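Peer 1: Prediction below, plus the sequence it came from.
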Protein chains: 2
Amino acid sequence: VATTPARNEDAWLAEAFARLVPGPRVRLGMGHDAAVLRHDGRDVVLKTDTVVDGVDFVLAACGPAAAARKAVAVTLSDLAAVGAVPRALLVSAILPRGVTFETFAAIARGLLAAAAEFGADLVGGDTSVADAPLSLSVFATGDLRDGGPVGRSGAKPGQVLSVTGPLGGSIFGRHLTFSPRFDASAALLARRVPSAMMDLSDGLSRDLPRICRASGVGADVDPAAIPIHDDVRRHRDGRSPLEHALHDGEDFELLLAHDPLPPSVEAELLALRVRLHAIGVVTATPGAVRLVHPDGPIPLVPQGFDHLAGSASPPEA
Amino acid sequence: VATTPARNEDAWLAEAFARLVPGPRVRLGMGHDAAVLRHDGRDVVLKTDTVVDGVDFVLAACGPAAAARKAVAVTLSDLAAVGAVPRALLVSAILPRGVTFETFAAIARGLLAAAAEFGADLVGGDTSVADAPLSLSVFATGDLRDGGPVGRSGAKPGQVLSVTGPLGGSIFGRHLTFSPRFDASAALLARRVPSAMMDLSDGLSRDLPRICRASGVGADVDPAAIPIHDDVRRHRDGRSPLEHALHDGEDFELLLAHDPLPPSVEAELLALRVRLHAIGVVTATPGAVRLVHPDGPIPLVPQGFDHLAGSASPPEA
C-alpha cells in the first residue's frame, strides 16, 4: 500500500501529511507561506524557517551575525507574503560542539539587531549543542494587516502574475542582505491587490508551480518580461541570464496573482516605490506552467533549490 | 572589556543577551519556561524547544515516531509550567542527507499523533537536509488559563517548594514516554496555588537554582523529602538514589513555590490525582540553594545536564 513519492520536498510533504485535517481554528495551514490561527478570538500568524551552515550560508565566510540576520529575514519574508506584521521571535539554535563564546555572542547580537531592524520582540529560545553544523530555527508570530491573510490558493484564470523586483544572482550577496518586502506587502494589502501571494525563496521555476497547484490553475509566463537582476552578470557558468532569473532562488521578492491594476493604483504604488513587474497570466489549465516564447510555449521545469533533491542544478535524467 | 563567562548555558545566555530590553508587549520573556506576549489585545504563550539525535534521543534505538513525540512533549511541558493550554504547533526539521521516505513519514505520523494526543493543531513547518543528525525544533503557541501566567520569579521566602511526582531514572524510558503535567497545571492554576513554577527538564539541582535566581531567593531542601522514582534502581553506577533524583533530569514534573496548602485544597488536589510532594522551603538568601542534612546544610551543586558543559556527570575540578 505504501507509495514512495519522488524525492522532492513538496511530494514528500504531500504524501506524509495527506491525513492532516486542519482544525476549526486554522484559517491558513500547511501549503501556504505562513499559518494563520484563530487564537482566543484573534488571528495570529505563525511561521518557522531554518538556516543551516553549509546549506543556507557559509559561517566561515559570512560570520555569525550575518547568519543570524538571514535566519530572521527568511522567516519574516513569509509573514510579508501573507500580509502580516512581525510581532515576536523565538530562536532554537543548534551549536557545533566546539562553539566559542565569541561566536555565541555574535549570534545573539545578530538576532537582537535583526529583531530591532524589523520591529519584533525576541522573547525566547532554546540552545542545543551537538556534533552538527550551526543551525538557527526562527519562529515568528505576526498580526494580520487589514485585507489579510493572502494565501497561495486564490489565483484565478485571467489574472496577472507579477513580481516585486528583479530576480537572479542573489548568491553574490543579496541572499544575506535582503529585506523582506514589508513595504510592498503593506502597499498591496492596503489596496486589496493580491488574490494569491508568496515569497520567492526557491526560485520562480519552483515557486510559481506551487501557487498554481494551490489555486488549481496554470500559468503562461513571458520570458522577455521577467526582470533580471544585474547580479546575474557575475555568474561565469555559461547559463543564460534568464535561466538564472528563473532558477537561482533566494530573491525574496513577492510573487502575486492579481486583477489588472487601474492606472491610478499603479501610480500610487509607484509613488510608494513599489513596482509590480507583470511576468505572465494565470490560465485555466491546472498545473500547466509554461514559458511562452515567440516560437511557442514550452513547459517551465522546476530547477530551483530543493532540499531533498539536494542541489539547484538541473535534474538528472 | 569583553568577559568570557563560564561554559554553561545560563551564563552564556545571561551575558550574550544582557542588553535585551523586553518590549511593552512582553508579559513574560527570556528566563521563564515560556514567553507570554500581548498580541493584538490578547495574551499568546510561545515556546520553542529542540531535540537532536544522539543528544536527546537515539534514533536507531527509539525510532522516528518516539523522537517526534518527545519533540512535541518537551515543548508543551513548558506551556504546562506557565499555566497555558496548547493551541498550535510548527516544526522545523533538519534531516540527515540520506534520510528515507519511510523515516520522514514516520516522523510525520509521530508529529500528527502527538498533536492529536495533546489537542493542538499542527499548522506548519520547514524541512532542511544537511550533513547533520536528525533534529526537530517544535514551536508551540498556547492560551493562558485563568490565573496565568506563572513565571519563575514569584517565589517568596517562607513558601513551600514542591514537586508533582517522583524524580530520577527517566533515561530508562520516561524521557520518551512522559506526558506534560497539564493535569497538575490545570488543578493548581484553578486554585491559584503556584507563585512560581517551572518544569524539571535539566534536573532538580540545575533547575531549582534557576527559580531561586529569577526570584532573588534561596532554598533549603530536605533530602529525605525528595520523592525518588522506582526507575533509579535500574542504574548500576554506584551513585545513590538521591543523587539520581537530584541530577538525572528529564523528569518533566513541575517544581513550584507556594504558600502552605489548606487541608481542603490538598484534598481537592488529591481527588484530582494531583499530589504535591513538599521538598523544602524558600529562604531569603539570594542564590543559596542547600541540602539540609540532619548533620547540617551543604550547598546543592548543579550536576544536571548542561548543553555547553556537555554531560550530566559531575563537573571537573
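Peer 2: It's in.
Peer 1: where does residue A:112 land in three-state SS?
Peer 2: helix (DSSP: H, G, I helix; E, B strand; the rest coil).
Peer 1: can you tell me which residues contact it?
Peer 2: For residue A:112, the contacting residues are A:122, B:17, B:19-20, by C-beta atoms under 8 Å, 6 or more residues apart in numbering or on different chains. Every residue, glycine included, has its C-beta placed from N, CA and C.
Peer 1: so which of the residues you listed is the most crowded?
Peer 2: Neighbour counts for those (other C-beta atoms under 10 Å in any protein chain shown) peak at residue A:122, which has 25 neighbours.
Peer 1: right, and it touches residue A:107 too?
Peer 2: No. Residue A:122 is not in contact with residue A:107 according to C-beta atoms under 8 Å; the separation is 11.8 Å.
Peer 1: any chance of the contacts of residue A:112 in CSV, plus secondary structure and distance to residue B:47?
Peer 2: CSV is the format used below for the contacts of residue A:112 (DSSP: H, G, I helix; E, B strand; the rest coil; distance: C-beta to C-beta, whole Å):
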residue, secondary structure, distance to residue B:47
A:122, strand, 14
B:17, coil, 17
B:19, coil, 23
B:20, coil, 17
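Peer 1: would CSV of those with pLDDT and distance to residue A:158 be doable?
Peer 2: Formatted as CSV, those follow (pLDDT from 0 to 100; distance: C-beta to C-beta, whole Å):
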residue, pLDDT, distance to residue A:158
A:122, 96, 44
B:17, 94, 51
B:19, 88, 53
B:20, 90, 50
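Peer 1: Helices along chain A, start to end?
Peer 2: A:9-16, A:59-62, A:64-82, A:101-117, A:174-177, A:182-190, A:204-215, A:241-247, A:263-271 (DSSP state H).
Peer 1: Give me whichever of those is most buried.
Peer 2: Neighbour counts (mean count of other C-beta atoms under 10 Å in any protein chain shown) averaged over each of the helices of chain A peak at helix A:64-82, with a mean of 26.
Peer 1: Show me what it is packed against.
Peer 2: Judged by 3 or more C-beta pairs under 8 Å, 6 or more residues apart in numbering or on different chains; DSSP states H and E, helix A:64-82 is in contact with strand A:42-52, strand A:84-96, helix A:101-117, strand A:135-144, helix A:174-177, helix A:182-190, strand A:194-199.
Peer 1: from the middle of its chain, how far away would it be?
Peer 2: Its chain's average C-alpha position is 10 Å from that of helix A:64-82, according to C-alpha atoms, centre = their mean, to the nearest Å.
Peer 1: pLDDT on that helix, on average?
Peer 2: Averaged across helix A:64-82, pLDDT comes to 98.
Peer 1: Nearest to residue B:53, out of the helices of chain A?
Peer 2: Among these, the nearest to residue B:53 by C-beta to C-beta is helix A:9-16 (18.5 Å).
Peer 1: show me the contacts for residue A:17.
Peer 2: Listed by C-beta under 8 Å, 6+ apart, the contact set of residue A:17 reads A:30, B:108, B:112.
Peer 1: try residue A:293
Peer 2: Per C-beta under 8 Å, 6+ apart, neighbours of residue A:293: residue A:223.
Peer 1: and the nearest residue to residue A:282 once chain neighbours are set aside, how many residues sit next to it?
Peer 2: Computed as C-beta to C-beta, 6 or more residues apart in numbering or on different chains, the closest residue to residue A:282 that is not its neighbour in sequence is residue A:159, at 4.4 Å. Neighbourhood size, residue A:159 [other C-beta under 10 Å]: 23.
Peer 1: hey, where'd the strands end up in the stretch 201-317 of chain A?
Peer 2: A:218-221, A:254-258, A:277-283, A:289-293, A:296-299 (DSSP state E, counting those that start in this stretch).
Peer 1: can I assume residue A:79 is in contact with residue A:45?
Peer 2: Yes. Using C-beta under 8 Å, residue A:79 is in contact with residue A:45, at 5.9 Å.
Peer 1: which neighbours do the two share?
Peer 2: Common contacts of residue A:79 and residue A:45 (C-beta under 8 Å, 6+ apart): A:34, A:142.
Peer 1: For residue A:49, give its distance to chain B.
Peer 2: For residue A:49, the distance to chain B equals 5 Å [C-beta to the nearest C-beta, to the nearest Å].
Peer 1: Now for the closest residue in space to that residue that isn't next to it in sequence: which residues touch it?
Peer 2: Leaving aside its chain neighbours, residue A:49 sits nearest to residue A:75 (4.2 Å; criterion: C-beta to C-beta, 6+ apart). By C-beta under 8 Å, 6+ apart, the contact set of residue A:75 is A:47-49, A:89, A:138-140.
Peer 1: I'd like to know how many residues surround residue A:299.
Peer 2: There are 10 residues near residue A:299, going by other C-beta under 10 Å.
Peer 1: For it, list each beta-bridge partner.
Peer 2: For residue A:299, the beta-bridge partners are residue A:290 (DSSP bridges).
Peer 1: Check the gap between it and chain B for me.
Peer 2: 25 Å.
Peer 1: outside of the helix-or-strand element of chain A with minimal mean pLDDT, which residues touch it?
Peer 2: For chain A, using mean pLDDT, DSSP states H and E, the weakest element among its helices and strands is strand A:35-39, scoring a mean of 90. By C-beta under 8 Å, 6+ apart, the residues outside strand A:35-39 that reach it are A:24-29, A:43-47, A:82, A:84, A:144, A:148-149, B:39, B:42, B:44, B:87-88, B:90, B:121, B:123-124, B:141, B:143.
Peer 1: just the buried members of those residues?
Peer 2: Buried members of those, counted by 16 or more other C-beta atoms under 10 Å in any protein chain shown: A:25-29, A:43-47, A:82, A:84, A:144, A:148-149, B:39, B:44, B:87-88, B:90, B:121, B:123-124, B:141, B:143.
Peer 1: Just the closest residue of the stretch 151-300 of chain A to chain B, please.
Peer 2: Relative to chain B, the nearest point of the stretch 151-300 of chain A is residue A:201 (10.5 Å; C-beta to the nearest C-beta).
Peer 1: ok so, going back, columns distance to residue B:217 on top of the contacts of residue A:75, output as a markdown table?
Peer 2: A markdown table is the format used below for those (distance: C-beta to C-beta, whole Å):
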| residue | distance to residue B:217 |
| --- | --- |
| A:47 | 38 |
| A:48 | 36 |
| A:49 | 39 |
| A:89 | 30 |
| A:138 | 34 |
| A:139 | 32 |
| A:140 | 35 |
